[in-house]
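In: need the 3D shape of this:
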Amino acid sequence: MKVAWICYSIDNELQIFFNKNKIKEKAPWISSLKKGFLNYKDIELHIISPNYYINRNINFKYNGINYHFYKRYIILPKKIYSFLRINYLTKFWLYKYYISKTIQNIKPDIIHLFGTENSEYSSGILPLVNKYPIFVTIQGFRNKVPGNNYINKHMKIIENKIIQNVIYFGIRTDYMKEYILLYNKKAKFYWHILPFPKPVSTRFGQDLENTKYDVGFWGRVVPDKGIEDLIYALSFCQKEKNDISLLICGPIKNKYFKKLKKIITNLNISHNIYFTGWIDSREELFNLVSQAKICVLPTHYDNLPGTVLESMYLGIPVIVNNVDGMDILNRERESVILVDKDNIPMLADNIISLLNDKEYRKKLSENGRITATPYFDNDNAATQLIKIYTDILNNNGEI
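Out: Below is the predicted model of the structure:
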């Protein structure tokens, strides 16, 4: 079987091809899936991805996988190209052209698009509809991103066209299915996981009380992840636990950092909160966040985010907003605490209650580990996808 993936795909093992000493990994689930596919010698895998490091087309084969990276800008310098919004004015013509040309050369049996939300590669699927069997895995929804500025508006248009015109979708929550059916009654669905690299830490199996921080938050430090909600909730918690501490790990833009520092100062909780910024090493990150008793992610919208699943795998009890089908994590056993979005008093109450209940933390730690483990199984994830590809090619489309 000849399979073409359209997705982000960049990790440290490929850095030699881009003359880079260090590469910031995108979409770690793609890196994990690739490892699972290495066991299948009868699968010819091609990966098509935008080139974020060198503005030219690069094609090579590495470790049995064929890579096709396409340049993102032509004629004009990057800044001018972006300023003029040429991609949006041309309806992403450049990416459609490169992706279509690459697909014509590959002649795959099936095309697998990972994500509808980023038009720099998802737009490339539109000229291929009805020409090849296409399977689209939902990563998130651009339509959930607040705001309707010029760029966001055009990305939402592309996403809607994909959802309306493709038949086969990969989902992980009921919410994904319900959302797609609003726009496409003919859609057929397959459940499958997107595996994450296994986090390594000294935390699991150790004394859950031997921690430096009370609360951990990690990931992108942006409003949509609910960091401001968490900071305000912490100020409520401080009334009952004066020395409560919050560790915040992740990249943050300087302007937004200044805004958060102002909020924190006004709430008089500066001595309670610790920022680390971006951490290069995943091992260092996991060992650091494992020093928190609990993980809290009051995200405004998300689809089983890595922060939650990785915390569960590490044995860190999790409190998360009940958005976008997050309740699937409690379907078989209570594995996380779900709170209502925008309900800061509820969030604060659950933080204090969980910190005060050692046995409950132990229960969530054990249950969370069990529930999260399948999301880190590369081989099983690859087997799932190959079965889906085969089923689609046989025109079954089972729900």
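In: got a list of contacts for the lowest-mean-pLDDT helix or strand in the chain?
Out: Least confident element among the helices and strands of the chain, by mean pLDDT, DSSP states H and E: helix 78-83 (a mean of 79). The contact list for helix 78-83 (Cβ atoms under 8 Å, 6 or more residues apart in numbering) reads 55, 72-75, 87. Just so you know, the C-beta spots here come from the backbone N, C-alpha and C atoms, and that holds for glycine as well.
In: next secondary structure after it?
Out: Sequence-wise, the next helix or strand downstream of helix 78-83 (DSSP states H and E) is helix 86-89.
In: can I see the domain layout of this structure?
Out: What the record gives for the chain is the domain set 2-195+377-393, 213-376, from automatic domain parsing.
In: residue ranges of the strands in the chain, please?
Out: Read by DSSP state E, the chain holds these strands, from start to end of the chain: 2-6, 44-50, 58-62, 65-70, 110-114, 134-137, 168-171, 188-191, 213-218, 246-249, 273-277, 292-297, 318-321, 337-339.
In: show the low-confidence segments of the stretch 151-300 of the chain, by residue range.
Out: In the predicted model, the stretch 151-300 of the chain carries pLDDT under 70 at residues 201-210.
In: if we can go back for a sec, any chance of the domains of the chain in TSV, with mean neighbour count too?
Out: Written out in TSV, the entries for the domains of the chain read as follows (neighbours: other Cβ atoms under 10 Å):
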stretch	mean neighbour count
domain 2-195+377-393	17
domain 213-376	18
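In: helices of the stretch 51-200 of the chain, start to end?
Out: For the stretch 51-200 of the chain, helices defined by DSSP state H, counting those that start in this stretch occupy the ranges 78-83, 86-89, 93-106, 119-122, 150-165, 174-183.
In: okay, those in a markdown table with distance to residue 41 next?
Out: Formatted as a markdown table, the entries for the helices of the stretch 51-200 of the chain read as follows, by distance: least, Cβ to Cβ, whole Å:
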| stretch | distance to residue 41 |
| --- | --- |
| helix 78-83 | 40 |
| helix 86-89 | 38 |
| helix 93-106 | 18 |
| helix 119-122 | 27 |
| helix 150-165 | 32 |
| helix 174-183 | 32 |
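In: so which of the ones you listed gets nearest residue 222?
Out: Within these, the stretch nearest residue 222 is helix 150-165; the backing value is 14.4 Å (Cβ to Cβ).
In: which other residues reach the closest one?
Out: Everything outside helix 150-165 that qualifies as a contact, by Cβ under 8 Å, 6+ apart, is 85, 88, 91-92, 113, 116-119, 122-123, 125-126, 129, 136, 141-143, 145, 148, 180, 183-184, 187.
In: for residue 321, give its distance to residue 15.
Out: 36 Å (Cβ to Cβ, to the nearest Å).
In: residues contacting the nearest residue to residue 74 once chain neighbours are set aside?
Out: Distances taken as Cβ to Cβ, 6 or more residues apart in numbering place residue 94 nearest to residue 74, at 6.2 Å, with adjacent residues excluded. Contact criterion Cβ under 8 Å, 6+ apart gives 72-74, 86-87 as the residues in contact with residue 94.
In: just give me the least confident of these.
Out: Of all these, residue 74 carries the smallest pLDDT score, 80.
In: that one and residue 90: what is the separation?
Out: According to Cβ to Cβ, residue 74 and residue 90 sit 10 Å apart.
In: next: residue 145.
Out: Per Cβ to Cβ, residue 145 is found 22 Å from residue 90.
In: give me the low-pLDDT residue ranges for the stretch 1-150 of the chain?
Out: If you take pLDDT under 70 as the line, the stretch 1-150 of the chain has these spans: 21-22.
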